[in-house]
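Visitor: Need a 3D model of the following:
(one chain, ligands or ions: 3)
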Amino acid sequence: MRIVLLGPPGAGKGTQAENLTKIYGVPHISTGEMFRTAVKEETPLGLEAKKYMDAGELVPDSLTIGIVKERFLKSDCAKGFLLDGFPRTLAQAEALDQMLEELDVQLDTVLNIDVPEEDLLIRLTGRQICRQCQAPYHKAFKPAQKEGICDLCGGQLYQRDDDSEATVLSRLEVYNRQTSPLISYYADSSRLTTVSGDGSVQEVTDRVKAALENLQ
Ligand code: ADP
Ligand code: ADP
Ligand code: ZN
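Guide: Ligands and ions are numbered 1, 2, ... in the order given. This next block holds a predicted model:
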């Protein structure tokens, strides 16, 4: 199974990826998570990426494409993958097509999770992430059983710096300008499947599963 999860920040890509990797047994590749790890470890990549992330902007294509290329070399990708948050620009989408061609594989589909813009701000400003395993929670919509503690690993939950209202607004603007053109890029090559991301997490997972089963 080779899938790209597309959608604005807050659409539920990470949340759905958590369920889907369990179902399909393929690695969850999140460029955002890879960058956050690099920032935490203060690697040269992390120090460079942080400047853009703090401003709610995209990290330059060359760096982003480089980390995905490297990740694809790992053996777990042979079974497939779930790409979350990549590609986010036309140049990244074209680079991904080239990588797939070199590997002689194709995407099963690009899953576009569609959520009304007014819901995104509420989802993002209430989001909490596990410091240890990065699982996403929400103060109101997906609260942890024990406040501030991850249900899965017992790690501490925190709010991402870039989930402040001001940075969220610029990320949404960046999405509309730089990422939303990918919807027609993939529709034009008949690789797009759009599902509504409205409703509960489970409802969306059921919708996604049905859409993926329909492909085969
Ligand atoms: P993305 O990876 O697309 O940025 P996340 O999966 O991190 O989005 O979800 C953003 C926030 O919205 C998180 O706090 C998550 O718990 C919450 N969320 C995800 N799916 C839903 C849903 N169907 N209904 C309500 N809240 C949701
Ligand atoms: P969200 O889904 O909430 O927007 P991510 O965790 O996917 O957040 O990404 C966080 C930040 O990491 C982005 O705002 C951006 O600065 C950077 N980033 C992640 N993926 C990419 C990408 N494919 N291209 C450029 N920058 C990226
Ligand atoms: Zn955890």
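Visitor: alpha carbons only for contacts and neighbour counts from here, please
Guide: Fine.
Visitor: Could I get the full set of strands for the chain?
Guide: 2-6, 28-30, 81-84, 109-114, 127-130, 136-138, 157-158, 192-196 (DSSP state E).
Visitor: Just put these in CSV and tack on distance to Glu165 and mean neighbour count.
Guide: Listed next are the strands of the chain as CSV, based on distance: least, C-alpha to C-alpha, whole Å; neighbours: other C-alpha atoms under 10 Å:
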stretch, distance to Glu165, mean neighbour count
strand 2-6, 22, 22
strand 28-30, 22, 20
strand 81-84, 22, 23
strand 109-114, 21, 21
strand 127-130, 12, 22
strand 136-138, 15, 20
strand 157-158, 16, 19
strand 192-196, 24, 18
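Visitor: Kindly reformat the ones you listed as a markdown table containing mean pLDDT and distance to Glu213.
Guide: Shown next, in a markdown table, are those (pLDDT from 0 to 100; distance: least, C-alpha to C-alpha, whole Å):
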| stretch | mean pLDDT | distance to Glu213 |
| --- | --- | --- |
| strand 2-6 | 98 | 13 |
| strand 28-30 | 97 | 19 |
| strand 81-84 | 97 | 16 |
| strand 109-114 | 98 | 11 |
| strand 127-130 | 96 | 30 |
| strand 136-138 | 96 | 26 |
| strand 157-158 | 97 | 34 |
| strand 192-196 | 97 | 12 |
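Visitor: To ligand 3, which of those lies closest?
Guide: Ligand 3 lies closest to strand 127-130 among the strands of the chain, at 4.6 Å (C-alpha to the ion).
Visitor: Reformat the strands of the chain as TSV; add distance to ligand 1.
Guide: Formatted as TSV, the strands of the chain follow (distance: least, C-alpha to the nearest ligand atom, whole Å):
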stretch	distance to ligand 1
strand 2-6	8
strand 28-30	9
strand 81-84	7
strand 109-114	8
strand 127-130	3
strand 136-138	4
strand 157-158	11
strand 192-196	9
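Visitor: Of those strands, which is nearest Ser170?
Guide: Ranking these by proximity to Ser170 (C-alpha to C-alpha) places strand 127-130 first, at 16.8 Å.
Visitor: list the helices and strands that closest one packs on?
Guide: Counting contacts by 3 or more C-alpha pairs under 8 Å, 6 or more residues apart in numbering; DSSP states H and E, strand 127-130 is packed against strand 136-138, strand 157-158.
Visitor: Distance to Glu18 for those strands - can I get that in JSON lines?
Guide: Formatted as JSON lines, the helices and strands packed on strand 127-130 follow (distance: least, C-alpha to C-alpha, whole Å):
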{"stretch": "strand 136-138", "distance to Glu18": "9"}
{"stretch": "strand 157-158", "distance to Glu18": "16"}
